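Chemist: no sequence on hand, only this structure:
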């Protein structure tokens, strides 16, 4: 079954919108170290320098098992810019809606029901958060998880194994998830495919552990414990994840327990550099994919859920979206001179160390191996507010109206210019 025309149009609109918003964020120097990490790694591979990067201070392939992203090296060789990866990221998130729609139809959904699931996914704060965030390995998870589920639904062994191998090459924790769902597939759907998937996951997991042991490296991961830190925030996240789908995954009854390992990863982690159970973080991508697939199956079995699902998705997009599209926020005001200075560092022949509060400069210039990101110092100040909430300043930057008096820019955000020139958030 092919994706419906409605979902195809919605995916194209989503891609156009978020490519524009991502580029606005990049030109305002608001992307972080992760985007720069991948630019520098892949550009280094393109020029024979290996996967070392100056944000993780070691080869990236010792941090995460992301070897499948080497497929992007030729693209980065042609266009060694953060823009390239951000466009790829948005296309991957948008493309997942097409695979999700096809999966819903393969499960027996009506064209309307399949369209609603695909559009609800695009409207969900989770998908929009991933599209607007840093480029990371897991932005590809929804796409390939949906393609893999479609292949398994059709009982197509070779396509299922090929897609699973791509997932396994994105990040090491995918081995645990593919193993889990492979065992479930063998028990309740197709023994041959399930055993093959589980075996493939075991081989990839063992190979990663062996490679890390031989290199004397340790992957980057949070610690885990049998206690829940900040339980209310995590409950709010799970509610925000399910709400755009009108909580349809809960209609699966006991089968919802198949998501237990994905939920556990986000629930029992110890405090990390940032809350990982939060809309838009790459840690959540596997569970986002699972929730969307569960909703697709639910709408195939209970077509009447489609109408409330679309209503819930629209409501969530308008109220709990955590990107710039949230009510009261505006795109960043781009300081063209600041961006030009950052872009000029791509040609620097001397080592340049970028301070952590200016990670956006590193993201723009990271194709140059001479550009390094300073290590994080919790005592360091100079960070800018997260979002632009000044409509007057935004429109003034477009030539509509006058620039507000006593207003300066801090990372694309209009701020009050206090005495002494120190900006403070408006």
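Modeler: Great, that's in hand. As the structure is a prediction and not an experimental result, all values here were calculated from the model.

Chemist: who does residue 407 form a beta bridge with?
Modeler: Per DSSP bridges, the residues bridged to residue 407 are residue 416.

Chemist: please shift the residue numbers so they start at 759 in all later answers.
Modeler: Yes, from this point I'll number from 759; that puts the last item at residue 1165.

Chemist: ok, now which ones touch it?
Modeler: Taking CB atoms under 8 Å, 6 or more residues apart in numbering, we find residue 1165 in contact with 1148, 1151, 1172-1175, 1184. Any C-beta I mention is one placed from the backbone N, CA and C, and that applies to glycine too.

Chemist: need the max-distance pair from those residues.
Modeler: 1148 and 1175 (12.8 Å; CB to CB).

Chemist: more neighbours: which of the two?
Modeler: Per other CB atoms under 10 Å, whichever of residue 1148 and residue 1175 has more neighbours is residue 1148, with 20 against 16.

Chemist: which one is the more buried one nearest to, not counting chain neighbours?
Modeler: Nearest residue to residue 1148, sequence neighbours excluded (CB to CB, 6 or more residues apart in numbering): residue 1172, at 4.0 Å.

Chemist: what's the burial count for that neighbour?
Modeler: Residue 1172 has 27 neighbouring residues, counting by other CB under 10 Å.

Chemist: just to check, it is in contact with residue 1149?
Modeler: No. Shown here, residue 1172 and residue 1149 do not form a contact pair, counting by CB atoms under 8 Å, at 9.7 Å.

Chemist: pLDDT below threshold where in the stretch 1059-1184 of the chain?
Modeler: Within the stretch 1059-1184 of the chain, the ranges that satisfy pLDDT under 70 run 1176-1184.

Chemist: can you give me the helices in it?
Modeler: 1064-1077, 1094-1102, 1117-1123, 1149-1155 (DSSP state H, counting those that start in this stretch).

Chemist: distance from the last one to the middle of the chain?
Modeler: If you compare the mean C-alpha spot of helix 1149-1155 with that of the full chain, they lie 29 Å apart, counting by CA atoms, centre = their mean, to the nearest Å.

Chemist: just the pLDDT at the nearest residue to residue 869 once chain neighbours are set aside, thanks.
Modeler: Excluding its sequence neighbours, the residue lying closest to residue 869 (CB to CB, 6+ apart) is residue 762, at 5.1 Å. With respect to pLDDT, residue 762 scores 97.

Chemist: burial count for residue 762?
Modeler: The burial count assigned to residue 762 is 24, neighbours taken as other CB under 10 Å.

Chemist: quick one, phi/psi of it?
Modeler: When read as degrees, to the nearest 10, the backbone of residue 762 gives phi -80, psi 160.

Chemist: just the strands in the protein please.
Modeler: Secondary structure of the chain (DSSP state E): strands located at 810-811, 816-817, 1110-1112, 1129-1131, 1165-1168, 1171-1175, 1181-1183.

Chemist: spatially central, which residue of the chain would that be?
Modeler: The residue lying closest to the centre of the chain (CA atoms, centre = their mean) is residue 888, at 3.3 Å.

Chemist: roughly how far out does stretch 882-897 sit from the chain middle?
Modeler: Centroid displacement of stretch 882-897 relative to its chain, using CA atoms, centre = their mean, is 3 Å.

Chemist: picking that back up, can you redo the contacts of residue 1165 as a markdown table with distance to residue 1035?
Modeler: Shown next, in a markdown table, are these (distance: CB to CB, whole Å):
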| residue | distance to residue 1035 |
| --- | --- |
| 1148 | 31 |
| 1151 | 33 |
| 1172 | 31 |
| 1173 | 30 |
| 1174 | 34 |
| 1175 | 37 |
| 1184 | 30 |
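
Chemist: next, count neighbours for residue 1141.
Modeler: 12.

Chemist: please disregard the earlier target; I meant residue 1048.
Modeler: Neighbours of residue 1048 (other CB under 10 Å): 24.

Chemist: if we can go back for a sec, residue contacts, the residue nearest to residue 1148?
Modeler: 1091, 1146, 1148, 1151-1152, 1162, 1165-1166, 1184.

Chemist: same check on residue 921?
Modeler: Neighbouring residues of residue 921 by CB under 8 Å, 6+ apart: 902, 905-906, 909.

Chemist: before we move on, what about residue 865?
Modeler: Residue 865 sits next to 911, 1054-1055, 1058-1059 when contact means CB under 8 Å, 6+ apart.

Chemist: next, it: phi, psi?
Modeler: Backbone torsions of residue 865, given as degrees, to the nearest 10, read phi -80, psi 0.

Chemist: what about it, distance to residue 858?
Modeler: Using CB to CB, to the nearest Å, residue 865 is found at 11 Å from residue 858.

Chemist: need the overlap of contacts for the two.
Modeler: Jointly contacting residue 865 and residue 858 under the rule CB under 8 Å, 6+ apart are residue 1054.

Chemist: if we can go back for a sec, out of the helices of the stretch 1059-1184 of the chain, deepest packed?
Modeler: helix 1117-1123 (a mean of 28; mean count of other CB atoms under 10 Å).
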